[in-house]
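Q: The following comprises the amino acid sequence and a computationally predicted model.
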Amino acid sequence: MVALSKGTWILVADGEKALFLRNDLDAQDPDLNVMQHEEQDNPSDREQSANRPGRMHDTGVGQRSAMDDTDWHELAKERFADELSDILYQKAYKNEFEKLVIAAPPNILGELRDKLHMEVSSRVIAEIPKTYTNHPIDKIEALIKAELAER
């Protein structure tokens, strides 16, 4: 079982929104409080794209194939993971937290994991591959407590 001790930080994130929370009580009765809130304006890819995907000539006479366009929405999510990892590194460097739990959808969790500095990754005590960003704080407390109790 992973303990959500007093002072443990919890990062609840998705590709567009992140909450930096701190447990101010103990594992039995967590009291998560928002320390920082980050949000990124990330419209759908269709709204961010400037034109239609390009086309190129194929080997056959008169044949053309579509080329993939950049997925701007996905690119923005990756950049957001970069921003979050930078924030965590700055906080870890200042010794603002000793333990960290990360709750994020699997794809975002993977992006974050790849971008975390060793100074931060050494403090991660649990990863929860779920989306909690649209829940109220008290619900997040209950969900994380239940998830960590199972480990």
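A: Cool, the structure landed. A quick note: this is a predicted structure, and the numbers were derived from the prediction, not measured.
Q: use CA for all of it now, contacts and neighbours both
A: Will do.
Q: Could you list the low-pLDDT ranges of this structure?
A: Residue ranges of the chain with pLDDT under 70: 41-77.
Q: In terms of helices and strands, where is Leu109?
A: Taking DSSP states H and E as the criterion, the element that holds Leu109 is helix 106-115.
Q: Surely Val101 is within a helix?
A: No. The assignment for Val101 by DSSP: H, G, I helix; E, B strand; the rest coil gives strand, which leaves it out of any helix.
Q: Please name the residues that touch it.
A: Thr8, Trp9, Ile10, Leu11, Val124, Ile125, Ala126, Glu127, Ile128 (Cα atoms under 8 Å, 6 or more residues apart in numbering).
Q: start to end distance for stretch 119-132?
A: Its start and end residues considered, stretch 119-132 measures 25 Å (Cα to Cα, to the nearest Å).
Q: and it, how far out from the chain's middle?
A: Here the centre of stretch 119-132 is set off from its chain's centre by 10 Å, with Cα atoms, centre = their mean, to the nearest Å.
Q: I would like the residues contacting it, please.
A: Residues outside stretch 119-132 that contact it (Cα under 8 Å, 6+ apart) are 2, 12-14, 88-89, 92-93, 98-106, 109, 113, 140, 147-148.
Q: try 7 Å
A: Contacts of stretch 119-132 with the rest of the structure, by Cα atoms under 7 Å, 6 or more residues apart in numbering, involve 12, 14, 88-89, 92, 98-106, 109, 140.
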